[in-house]
Each structure stands twice: as structure tokens, then as C-alpha cells.
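Visitor: Build me a model from this:
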Amino acid sequence: MVSKCANPDCSTPFHYLREGKVYRIEVEEISADALKPFVVGAKKSSRKVEHFWLCGPCSLTMKLLWDKEHQLSVVPKERPLYRRAMAAAAS
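Guide: Prediction:
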């Protein structure tokens, strides 16, 4: 259950879906038995869906990224190419 913004630096509580962005991420869990060698019939991993939410202000400048090491990160959004070109021309 989503309770607050996924940005660790933000404490905005989740109340409704009118603003912000919800991310649906399928994660793979590795069972404890899968880490033990020679366990017959051990289930190696299972998949589950988790939901994360970025509040309105955070979702304007950031996005969520699930990397290969199964770590959730809040990263800045890349500015569109035309905005970068405009910023470069202004300087």
C-alpha cells in the first residue's frame, strides 16, 4: 500500500490520485531456500507487483528507476532536447 511519496527527501502523504504519478513495478524476490545449496524443490524466486507514487511536485522533475540490483532510485528527469538547446543558446 502506498502511504507517501517515494522520494526519500519528501514526506507528502498519499491521499488520492489527482496529482503525481503512480509506478507499477514487477519485482523478483529470492526465497531463503534458494540461497541454500542442494535443497530439493526449493522455489528460487517469485515475482510480485509493487506500486510506488511520486507526488505532483516531485513527479515534475524526477522519475523512479528500478535497476538491475533490484534497487529503487529516484532520479532526475532528463530535460527534453529542445529545452537543452534553448538553455545552451541562452548562455
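Visitor: Strands of the chain, residue ranges please.
Guide: Under the criterion DSSP state E, the chain carries strands at the ranges 21-30, 45-54, 62-66, 72-76.
Visitor: Who's the closest spatial neighbour of the residue sitting nearest the centre point of the chain, skipping the chain neighbours?
Guide: By C-alpha atoms, centre = their mean, the chain has its centre lying nearest to residue 64, at 3.5 Å. Nearest non-adjacent residue to residue 64, counting by C-beta to C-beta, 6 or more residues apart in numbering: residue 23, 4.8 Å away. C-beta here means a position set from N, CA and C on the backbone, and glycine is covered the same way.
Visitor: Quickly list what the one you found is bridged to.
Guide: residue 52 (DSSP bridges).
Visitor: Quick one: residues contacting it.
Guide: 6, 51-54, 64 (C-beta atoms under 8 Å, 6 or more residues apart in numbering).
Visitor: Likewise for residue 56?
Guide: Contact analysis of residue 56 by C-beta under 8 Å, 6+ apart lists 19-20.
Visitor: now it: how far from residue 7?
Guide: Distance of residue 56 to residue 7, given as C-beta to C-beta, to the nearest Å: 12 Å.
Visitor: circling back: in terms of distance to residue 18, which of the contacts of residue 23 ranks first?
Guide: residue 53 (11.7 Å; C-beta to C-beta).
Visitor: Fine by me, thanks again.
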